[in-house]
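K.L.:
Sequence isn't available, so here's the structure alone:
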Ligand SMILES: Cc1cc2nc3c(=O)[nH]c(=O)nc-3n(C[C@H](O)[C@H](O)[C@H](O)COP(=O)(O)OP(=O)(O)OC[C@H]3O[C@@H](n4cnc5c(N)ncnc54)[C@H](O)[C@@H]3O)c2cc1C
């Protein structure tokens, strides 16, 4: 967009409140070419692109920090612990990896094969049992894929991934088999998609694209990526948006600290926030978009960091697996000692188990984790000296961890969520990315794509 076009935009936005149906004459807190709602990676990436092209952009963010679901905690001495995203998933061609390189931000590879699995009774699974379990699970997932292909051909209604998995596994499972297969489903599928297999669409659960190459962690924190993008941007923190009005000539964004007007708004609110309806749109969003918001699932993946006086687990593995009696409980642990040389473990939970657990007290959550670790490593392990945990599902500014394709939803719902409205409202965020939903790179690419669309206006 050239400078004269930019001046025209600013002139148009100065008289906006008169042009928007139902707009109140609230005290204007600022005007810009574009108001970006949300300073997560999508909003920051978009704002970066727009500002680099000479536009005036204000980013309005409810939290007292940037990054959104990228959230690094530095409360423990010399440690940067990610409570949201941890990994660059697939570094080859991944724009997050490119950013890390450009900012000289160090990353370290996770070796998923360096996984040691344990069963209750402090028993490490034997190599042969381990291999047999992997093979059996892969075979069952192939059967599930066959059922999905058959369903596609008949055109019959979607069912859940769990129902197809149960059919493939058959009824006559021993208790040990059932426990081990549940563990595989939880750690291989439910943790990745942040949803129960019973919630995931058989037809579409694993659609989407992936970058190849290693998965890499940020030893000094993922938020370095957000900081890099945010340099010199006008970000207004602690501004909670409650209403977004749009009309022929522009938009008006009402926040807890005043109203902003602009020619365009870029909405990067998480799907969980859109589902809750805590931000109103005037006029309401098109029915198609509202239906897509309802159909897509918002999943939960929670993290618990435990710092111990000493490491009582082996140093070698990157990951520790736990085959629990209770389906879903503490199936996966990341060995932080391996990366940061400090006796810290990171436990994960997902789906309905995570949603229920996060309703409980901190003490109850830690006690349940310690029960799992005692089952894996024996009764004499020390108590943790410090703990850090997330409750993403109850976070009103996220409403969950990331989106998934629920039974009945289709990949086209992501496109519907991404579609601009009235050439005034533009949308970005992980849940608008058909190819790369649920990831940092998906959110980043969607932000850049939305900026392109605005620049074409
Ligand atoms: C526990 C966990 C682990 C994850 N692991 C990975 C991983 O390893 N790798 C990976 O690629 N991805 C991972 N993800 C997913 C990744 O973090 C997200 O896909 C990505 O960060 C989403 O970015 P976004 O900009 O779309 O949304 P967000 O980061 O959520 O940004 C939206 C912003 O809008 C703000 N907001 C909300 N409501 C309002 C309001 N009313 N007014 C103003 N502002 C508002 C929010 O505070 C937030 O800052 C993980 C996520 C979680 C939670």
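P.N.:
Yes, it's here. Note that the structure is a prediction, hence the values are computed from the model and not measured.

K.L.:
hang on, isn't residue 374 packed against residue 382?
P.N.:
No: judged on Cβ atoms under 8 Å, residue 374 makes no contact with residue 382 at a distance of 10.9 Å. Any C-beta I mention is one placed from the backbone N, CA and C, and that applies to glycine too.

K.L.:
okay, those two: which has more neighbours?
P.N.:
Neighbour count, other Cβ atoms under 10 Å: between residue 374 and residue 382, residue 374 has more, with 14 against 11.

K.L.:
residues touching the more buried one, list them.
P.N.:
residue 381 (Cβ atoms under 8 Å, 6 or more residues apart in numbering).

K.L.:
Return the distance of the helix or strand where it lies from the chain's centre.
P.N.:
If you go by DSSP states H and E, residue 374 is part of helix 362-377. Relative to the centre of its chain, helix 362-377 is centred 25 Å away, using Cα atoms, centre = their mean, to the nearest Å.

K.L.:
Check what pLDDT the closest residue to residue 211 other than its chain neighbours gets.
P.N.:
Of all residues not flanking residue 211 in the chain, residue 90 sits nearest, at 3.0 Å (Cβ to Cβ, 6 or more residues apart in numbering). As predicted, residue 90 sits at a pLDDT of 98.

K.L.:
sorry, back to before: sort out which residues of the helix holding residue 374 are buried, please.
P.N.:
365-366, 368-370, 372-373, 375-377 (16 or more other Cβ atoms under 10 Å).

K.L.:
go on, stretch 243-258?
P.N.:
243-247, 250-255.

K.L.:
likewise stretch 283-295?
P.N.:
285, 289, 292-293, 295.

K.L.:
Tell me the one among the residues you listed nearest to residue 29.
P.N.:
residue 285 (23.7 Å; Cβ to Cβ).

K.L.:
quick one: the residue nearest to that closest one when sequence neighbours are not counted from residue 453, how far?
P.N.:
Leaving aside its sequence neighbours, residue 285 sits nearest to residue 421 (Cβ to Cβ, 6+ apart; 6.5 Å). Look at residue 421 and residue 453: by Cβ to Cβ, to the nearest Å, they are 12 Å apart.

K.L.:
who are the neighbours in contact with the residue nearest the centre of the chain?
P.N.:
Here the mean C-alpha position of the chain is nearest to the C-alpha of residue 402 (Cα atoms, centre = their mean), at a distance of 3.5 Å. Residues in contact with residue 402 (Cβ under 8 Å, 6+ apart) are 69, 194, 298-299, 301, 430-431, 437-439.

K.L.:
could you point out the longest helix in this protein?
P.N.:
If you go by DSSP state H, the chain has its longest helix at helix 127-154.

K.L.:
Which is the succeeding secondary structure element to that one?
P.N.:
helix 161-169.

K.L.:
same question for the helix or strand following that following helix, mean pLDDT?
P.N.:
Under the assignment DSSP H and E, the closest C-terminal helix or strand after helix 161-169 is helix 175-184. Averaged across helix 175-184, pLDDT comes to 96.

K.L.:
so helix 175-184 versus helix 161-169, what angle?
P.N.:
140 degrees (axes from the mean of the first three to the mean of the last three Cα atoms, to 10 degrees).

K.L.:
Go ahead and name everything in contact with helix 175-184.
P.N.:
117, 119, 133-134, 136-137, 140, 169, 173, 321-325, 327-328, 331.

K.L.:
Can you select the buried ones from these in PyMOL?
P.N.:
This is the PyMOL syntax for the buried subset of these, where burial follows 16+ other Cβ under 10 Å:
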select buried, resi 117+119+133+137+140+169+321+322+323+324+327+328+331
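
K.L.:
domain parsing for the protein?
P.N.:
According to automatic domain parsing, the chain comprises the domains 3-68+220-297+408-456, 111-212+301-392.

K.L.:
can you give me how far the longest one is from the chain middle?
P.N.:
Which is domain 111-212+301-392. 18 Å.

K.L.:
And the first one, by the same measure?
P.N.:
Taking Cα atoms, centre = their mean, one finds the center of domain 3-68+220-297+408-456 at 18 Å from the center of the full chain.

K.L.:
Briefly note if it comes near the ligand.
P.N.:
Yes: using Cβ under 6 Å from any ligand atom, domain 3-68+220-297+408-456 reaches the ligand at 37-43, 60-63, 68, 240-241, 268-270, 273, 279, 429-430, 438-441, 443.

K.L.:
got it, and the last one?
P.N.:
Yes: if you take Cβ under 6 Å from any ligand atom as the test, domain 111-212+301-392 does meet the ligand, through 301, 303, 390, 392.

K.L.:
Any chance of JSON lines for these, columns pLDDT and secondary structure?
P.N.:
As requested, these are arranged in JSON lines below (pLDDT from 0 to 100; DSSP: H, G, I helix; E, B strand; the rest coil):
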{"residue": "301", "pLDDT": "98", "secondary structure": "strand"}
{"residue": "303", "pLDDT": "98", "secondary structure": "strand"}
{"residue": "390", "pLDDT": "98", "secondary structure": "coil"}
{"residue": "392", "pLDDT": "98", "secondary structure": "coil"}
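
K.L.:
That concludes my questions; thank you for your assistance.
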